[in-house]
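>>> Next one to model:
(one chain, ligands or ions: 2)
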Amino acid sequence: MGAASSTATVIDGKAIAGTIRAEIKSKVDDLKRRTGRVPGLAVVIVGERKDSQTYVRMKRKACEEVGIASFHCELPGTATEEEILKTVRRFNADANVHGILVQLPLPKGVNEERVLAEISIEKDVDGFHPENIGKLAMKGHEPLFVPCTPKGCIELLKRSGVELSGKNAVVVGRSNIVGMPAAMLLMKENCTVTVVHSKTKDPKRVCREADVIVAACGSAEMVKKDWVKKGAVIIDVGTNGVDDKTKKAGYRLVGDVDYAEVRKVASAITPVPGGVGPMTICMLLSNTLDSGARALEK
Ligand SMILES: Nc1nc2c(c(=O)[nH]1)N[C@@H](CN(C=O)c1ccc(C(=O)N[C@@H](CCC(=O)O)C(=O)O)cc1)CN2
Ligand SMILES: [Mg+2]
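Ligands and ions are numbered 1, 2, ... in the order given. Model (predicted):
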């Protein structure tokens with residue numbers, strides 16, 4: 001095959017997550033041997049969104065597989081903010097619970113920031129509490145937890161041998177749960193970081209300067225081949241459902257990157273599904289293990 005037809009290395013998130021899960025399982029087993037106890041994760045889901053229910057089911061199954069105890073609270077979509085806060089407070093006070101996550105998004109009308117700020121920072125395994133996010137942004141402060149998806153992106157890059165120091169990184173998207181913390185983490189790795197968002201004048205021009213692109217804009221296949229410099233590394237966080245009558249479900253998942261075309265110019269790329277997604281849940285297990293170990297080894 002000539003150089004002109006070369007394609008990117010596929011970064012297999014599912015395989016990397018499998019390796020990390022095995023590492024976590026052996027650490028949970030070891031913690032249990034030494035303390036007689038295991039880490040516990042409480043999951044709060046509000047409402048009936050099918051995608052959220054799927055993610056929560058995946059999280060509970062993953063906990064079971066590595067030996068983390070899981071606690072569950074399902075509230076109806078009509079639950080008041082006060083009822084959700086009460087649930088969070090109950091888990092804050094439960095000594096068997098070392099991690100609490102509130103599945104997002106919450107139903108309209110619920111103040112998400114207020115709910116997330118109610119989670120004890122010692123149990124904030126999603127890393128969304130303003131104190132943990134604030135510490136992530138500040139030199140001289142270390143957060144207790146780093147948000148799972150951006151942490152998973154960095155872990156994928158490191159485990160794939162991608163050198164980050166001194167590189168130009170562009171993050172597409174500035175959400176609290178992915179884009180913003182991903183930019184902070186890349187900065188910590190000594191990247192020169194630019195964030196592209198909905199008001200950026202010429203996103204294609206900015207992306208073309210990048211050695212590493214983290215696409216997290218939630219817009220199907222927005223990052224095109226002519227946005228990407230030859231040899232760039234592409235981390236695709238998007239999971240967008242697009243209609244596809246040939247699929248049993250009637251849709252298929254695509255990322256925020258035009259995978260089929262971009263892989264012709266990138267040096268490495270994550271697929272969707274099977275790239276960043278599996279790492280999100282894996283990093284949740286890792287954060288819960290850290291929290292459990294911190295509490296149980298005291
Ligand atoms: N409290 C939180 N809410 C949300 C988070 C989060 O980290 N904490 N992230 C997303 C959803 N999410 C986890 O909650 C999540 C999304 C996708 C995947 C995943 O493994 N995706 C698979 C495809 C799965 C499928 O077939 O549908 C993949 O990409 O391979 C895991 C977790 C928003 N809410
Ligand atoms: Mg800091």
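
>>> Who are the contact partners of the residue in the stretch 151-298 of the chain that ligand 1 sits nearest to?
Using C-beta to the nearest ligand atom, the closest approach of the stretch 151-298 of the chain to ligand 1 is made by Gly277 at 2.1 Å. Bear in mind the C-beta positions are built from the backbone N, C-alpha and C, glycine included. For Gly277, the contacting residues are 13, 239, by C-beta atoms under 8 Å, 6 or more residues apart in numbering.

>>> Next secondary structure element downstream of the helix or strand hosting Ile133?
Ile133 belongs to helix 130-137 when assigned by DSSP states H and E. Tracing the chain past helix 130-137, the next element assigned as helix or strand by DSSP H and E is helix 148-159.

>>> how far off helix 130-137 does that next one point, in degrees?
30 degrees (axes from the mean of the first three to the mean of the last three C-alpha atoms, to 10 degrees).

>>> Just the residues contacting helix 148-159, thanks.
For helix 148-159, contacts defined as C-beta under 8 Å, 6+ apart pick out 11, 13, 16-17, 19-20, 125-127, 164, 177-178, 181-182, 184-186, 189, 212, 214, 216, 233, 235, 237, 270, 275-276, 279-284, 286-287.

>>> Regarding the residue of the stretch 151-298 of the chain closest to ligand 1, what is its secondary structure?
Assigned with DSSP: H, G, I helix; E, B strand; the rest coil, Gly277 falls in the helix class.

>>> any idea how far it is from Glu209?
Going from Gly277 to Glu209 by C-beta to C-beta, to the nearest Å gives 27 Å.

>>> Repeat that for Lys27.
From Lys27 across to Glu209, the span is 40 Å (C-beta to C-beta).

>>> more crowded one of those two?
Taking neighbours as other C-beta atoms under 10 Å, Lys27 and Glu209 compare with Lys27 leading, 19 against 12.

>>> was I right about the more buried one contacting Leu289?
Yes - if you go by C-beta atoms under 8 Å, Lys27 and Leu289 touch, sitting 5.8 Å apart.

>>> what sits against Leu31?
So Leu31 contacts 37-39, 289, 292-293, 296-297 (C-beta under 8 Å, 6+ apart).

>>> next one: Lys224
204, 258, 261-262.

>>> and these as CSV, adding neighbour count?
Shown next, in CSV, are the contacts of Lys224 (neighbours: other C-beta atoms under 10 Å):
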residue, neighbour count
Lys204, 13
Asp258, 19
Glu261, 15
Val262, 25
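
>>> Quick check: the farthest pair among those residues?
Lys204 and Glu261 (13.7 Å; C-beta to C-beta).

>>> Look at Gly241 and give its secondary structure.
strand.

>>> tell me, how many neighbours does it end up with?
Counted with other C-beta under 10 Å, residues neighbouring Gly241 total 14.

>>> quick one: contacts for it?
Contacts of Gly241 (C-beta under 8 Å, 6+ apart): 251-253.

>>> which of these are close to ligand 2?
Near ligand 2, judged by C-beta under 5 Å from the ion, there are no entries from the contacts of Gly241.

>>> From those, keep the buried residues only.
Leu253 (16 or more other C-beta atoms under 10 Å).

>>> Name the member of the contacts of Gly241 with the shortest distance to Val223.
Distance to Val223 across those (C-beta to C-beta) is lowest for Leu253, with 15.8 Å.

>>> Could you confirm the closest one falls within a strand?
Yes - using three-state DSSP, the assignment for Leu253 is a strand.
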